[in-house]
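Novice: Predicted model follows, preceded by the sequence.
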Amino acid sequence: MKPLKRHTVCISLIFMLLNAPAWADESETFHFFFQGVYKDKVTLNRVQQLFHDFSSHINLPVQFNSQANLDQLEQAVAAPPADLIMWGYSDNLSDLLHNEGYRQLLSSPVDIKIYQYSHSGKKATTPLKVAVLADSTALYSAQHFYEGKRASVELMIFNDYFSIVQACMRKEVDVVISAKPFLAMQPDTIAQRFNVIQTLPEHAKFSIWVKSNMHSDQLNTISDYIIKREPILNEALDTQKFKKHF
C-alpha cells in the first residue's frame, strides 16, 4: 500500500503543476497599474488594501503602480510593461492600450454622479464650471452627457480628487462629476458638504486590461479572482457585475 500512496501523491503533484497558472517566469514581478486618483500614496494604499491577497492568488510578487493620466500611463507601460491595468473606460484609453498590445479582460458599469458643493452664497456661473478627473470614465461620461451643450458648460480637468476639492473650496467650480471614490476617502467634514444632484446615464465603465499574449490560464485565474471580489469592489467603487471580454 505504501508504494501506492507515493504513486498517488506523485500523480496529485503532477496534476497540481499542470493546472497551476502558466506564468511566463515565476521569478518575475507582476506589474499592476491603476489610475492614481489621489495624490501621494493614498490611492496606492487603498488599492493594496483591496487586492492584498492578489499576490498569493497568482503566486507571484506584485508591484502596484499608479499614474495620474494617459500621458503618464503611456510612458509607464513601456518599461517595465504593465501586466494588468485597471482604469475607467474611455475610447482614448482603448485606443492607447490596443496600440500598446493590450486587450480588455473585464469591465463593469459604474455609476457617475453630479455633486454640488455647499458654497455659502455662491451662484452658478455661465458657462457652468464642471470639475472632472483627467482621462477618467467620469470625463468620458460627462462628454457624452454634455454633447451639444458645450457652449453652456466648461469642463475643468484635474489630475486628482484633492485638487478638485480645493477648487470647490476656492469657489472655482460649480459642480463635480465623478464616481464614488471621489467622496469615499474624503474626511466626513468634507464629504458632508457635497450633495448628489443627478446620476448620469450609463456610459461609464470600470475596465481591466492585460497583455494580449497572456495565456488563457492566466486570464481565467485573474478574472476568477476579480469576479469573486465583486461585492467588495461594488462597495468600494460602485461597480456592478463584471463582463468577460475573452
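Specialist: All right, it came through fine.
Novice: And what about residue 109, helix, strand or coil?
Specialist: Using DSSP: H, G, I helix; E, B strand; the rest coil, the structure places residue 109 in strand.
Novice: isn't it right next to residue 239, touching?
Specialist: Yes. Using C-beta atoms under 8 Å, residue 109 is in contact with residue 239, at 7.5 Å. Backbone N, C-alpha and C define where each C-beta goes, glycine included.
Novice: Now do the shared contacts for these two.
Specialist: Here residue 109 and residue 239 have residue 206 as joint contacts, going by C-beta atoms under 8 Å, 6 or more residues apart in numbering.
Novice: neighbour-wise, which of these two wins?
Specialist: residue 239 (24 against 18; other C-beta atoms under 10 Å).
Novice: so what's the more buried one up against?
Specialist: Contact analysis of residue 239 by C-beta under 8 Å, 6+ apart lists 108-110, 206, 230, 233.
Novice: Show me what the closest residue to it other than its chain neighbours bridges to in the sheet.
Specialist: Distances taken as C-beta to C-beta, 6 or more residues apart in numbering place residue 108 nearest to residue 239, at 4.1 Å, with adjacent residues excluded. Counting by DSSP bridges, residue 108 is bridged to residue 206.
Novice: Quick one, grab the pLDDT at residue 108.
Specialist: Note on residue 108: pLDDT of 98.
Novice: Grab the nearest non-local neighbour of residue 162.
Specialist: Here the residue nearest residue 162, using C-beta to C-beta, 6+ apart, is residue 39, at 5.3 Å.
Novice: hang on, residue 72 in a helix?
Specialist: Yes. Assigned with three-state DSSP, residue 72 falls within a helix.
Novice: Quick check: buried residues in the helix or strand harbouring residue 168?
Specialist: In this assignment (DSSP states H and E), residue 168 forms part of helix 161-169. Residues of helix 161-169 classed as buried: 161-165, 167-168 (neighbour count, 16 or more other C-beta atoms under 10 Å).
Novice: got those residues as JSON lines, with pLDDT columns?
Specialist: Listed next are these as JSON lines, based on pLDDT from 0 to 100:
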{"residue": "161", "pLDDT": "95"}
{"residue": "162", "pLDDT": "93"}
{"residue": "163", "pLDDT": "95"}
{"residue": "164", "pLDDT": "96"}
{"residue": "165", "pLDDT": "95"}
{"residue": "167", "pLDDT": "96"}
{"residue": "168", "pLDDT": "94"}
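Novice: Let me see the ranges of the strands in the protein.
Specialist: With strands called from DSSP state E, the chain shows them at 30-35, 62-67, 84-88, 102-109, 113-117, 128-133, 153-158, 175-178, 194-199, 205-211, 243-244.
Novice: which other residues reach stretch 162-169?
Specialist: With C-beta under 8 Å, 6+ apart as the test, stretch 162-169 has contacts from 38-39, 117, 119, 131, 133, 156, 158, 173, 176, 178, 182, 186, 190, 193.
Novice: Which members of those residues are classed as buried?
Specialist: 38, 117, 131, 133, 158, 173, 176, 178, 182, 186, 193.
Novice: What count of nearby residues applies to the residue lying closest to the last one once chain neighbours are set aside?
Specialist: In space, and not counting its chain neighbours, residue 193 is closest to residue 118: 4.8 Å by C-beta to C-beta, 6+ apart. The number of residues packed near residue 118 is 10, by other C-beta under 10 Å.
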